[in-house]
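> here are the coordinates; sequence isn't available:
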């Protein structure tokens, strides 16, 4: 009886582990909201993934010429140069998740998270919506710019563009990172060639995120 009991325990335990692993994998694949994942940092501001991970196509950084502050990406640069690769091979570092790509040679002041048009976008920070304004490209409106004042950094503003605002979102609303839906990705492929497309299998549509001083927002 002892042998039978041990055998049943062993086989039963293994089966439970497989079922548990499968359940976790399936729940992540079917997730409707992003799981908590910091992708970039600026001082006290920790930018959380705004797109459900299974729906994101790529992450890129580029320079912005509108007063945006430089961001510190977390994870691994997928297109780092030879010197960087050698340095990391010798001294370590440069690894981890997520993988991100540098889209130009300027400062890393704009974060692009790729996803197909219509994909839900969630707030990257806890805070309060302080502005919703039209986002205009080449004289045409494409969604909106949503400005959020982070709860832990009231002197800064996190701006999201290239998304259609959620109908239920209003100025003054409190938002929670990764939980409050703020909009959906819009299609800009008809009017511009998007740099992120070099690292995706589509046109490179994305939501763009910048952090800037709140005083700069007041001047705009």
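Structure's in. What do you need? Worth saying up front: this structure is predicted, and the values here are computed from it rather than measured. Residues are numbered from 1 along each chain as shown.
> from residue 140, how far out is the residue most central in space within the chain?
Within the chain, the residue whose C-alpha comes closest to the C-alpha centroid is residue 49; the distance, by C-alpha atoms, centre = their mean, is 3.4 Å. Here residue 49 is placed at a distance of 29 Å from residue 140 (C-beta to C-beta, to the nearest Å). The C-beta positions use only the backbone N, C-alpha and C, and glycine is treated the same way.
> ditto for residue 97
The value you get for residue 97 to residue 140, if C-beta to C-beta is used, is 36 Å.
> now do residue 157
Going from residue 157 to residue 140 by C-beta to C-beta gives 25 Å.
> of these two, who's got more company?
More neighbours surround residue 157 than the other of residue 157 and residue 140, with 23 against 11 (other C-beta atoms under 10 Å).
> local confidence estimate at residue 19?
What the model reports for residue 19 is a pLDDT of 39.
> oops, could you answer that again for residue 9 instead?
39.
> ok, now the one 4 residues further on?
At residue 13, the predicted lDDT confidence score is 46.
> cool, residue 197 as well?
At residue 197, the model reports a pLDDT of 96.
> domains in the protein, by residue range?
Following automatic domain parsing, one finds the domains of the chain at 1-30, 38-219.
> just name the most buried of these.
Sort the domains of the chain by mean neighbour count, taking mean count of other C-beta atoms under 10 Å, and domain 38-219 sits at the top with a mean of 18.
> mean pLDDT for the domains of the chain: which is lowest?
Averaging pLDDT over each of the domains of the chain puts domain 1-30 lowest, since it has a mean of 42.
> give the contact list for residue 79.
Under the criterion of C-beta atoms under 8 Å, 6 or more residues apart in numbering, the contact partners of residue 79 comprise 101, 102, 199.
> the second one and residue 50: what is the separation?
For residue 102, the distance to residue 50 (C-beta to C-beta) stands at 20 Å.
> what of the last one?
Computed as C-beta to C-beta, the residue 199 to residue 50 distance reads 18 Å.
> are we agreed that residue 196 is in a helix?
Yes - inclusion of residue 196 in a helix is indicated when DSSP: H, G, I helix; E, B strand; the rest coil is applied.
> excluding its backbone neighbours, what's nearest it?
Leaving out its chain neighbours, the residue that sits closest to residue 196 by C-beta to C-beta, 6 or more residues apart in numbering is residue 204, at 3.7 Å.
> is the one you found in a helix, a strand, or coil?
What three-state DSSP gives for residue 204 is coil.
> could you shift the numbering so residue one becomes 441, and keep it that way?
All set: I'll call the first residue 441, so the last point we hit is now residue 644.
> what's near enough to touch it?
When contacts are counted by C-beta under 8 Å, 6+ apart, residue 644 touches 497, 498, 554, 629, 634, 635, 636, 637, 638.
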